[in-house]
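>>> Attaching a predicted model along with its sequence, questions to come.
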Amino acid sequence: MMARGLQALGRLKVGAMNKTEAAYAKTLELRKAAGEVAWYKFEGLKFRLADNTFYTPDFAVLLVDGALEAHEVKGHWQDDARAKIKIAADMYPLRFVAVQVLPKKAGGGWKLEEF
């Protein structure tokens, strides 16, 4: 059994957004209204990385130019999450984007990292 301090935070139900993901969905809505994003879906894609190992990015995003992207939204990165997005980016011909919320003292907004 894991020590109490090392347990993951309570998980939300599948299909339920946390506060950071909900805030990013609003950003995607603004990009859609601006004509940059054609469509997006929360947990809309699931990638097989190995037997019994899958990766579901937070958002599937279709840009107006037809490019499909997988966006992973994090407040803080754990090593296993970073490893999964890197493995998926090596295996699948999509653009994988890590989106991290920037603190208000750093100006707020989003930091993007492409894999």
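Cool, the structure landed.
>>> And the nearest residue to Lys46 once chain neighbours are set aside, how far from Asp65?
Spatial nearest neighbour of Lys46, chain neighbours left out: Thr56 (4.8 Å); criterion: Cβ to Cβ, 6 or more residues apart in numbering. All C-beta spots, glycine's among them, are computed from the backbone N, C-alpha and C. Note on Thr56: its distance to Asp65, by Cβ to Cβ, to the nearest Å, is 24 Å.
>>> more crowded one of those two?
Shown here are Thr56 and Asp65; by other Cβ atoms under 10 Å, Thr56 has more neighbours (16 against 7).
>>> Looks like that one contacts Glu43 (just checking).
Yes: the pair Thr56 / Glu43 is scored as a contact, 5.4 Å apart, by Cβ atoms under 8 Å.
>>> phi, psi of Lys46?
Backbone torsions for Lys46, taken as degrees, to the nearest 10, come to phi -140, psi 130.
>>> hang on, it packs against Phe54?
Yes: using Cβ under 8 Å, Lys46 is in contact with Phe54, at 5.6 Å.
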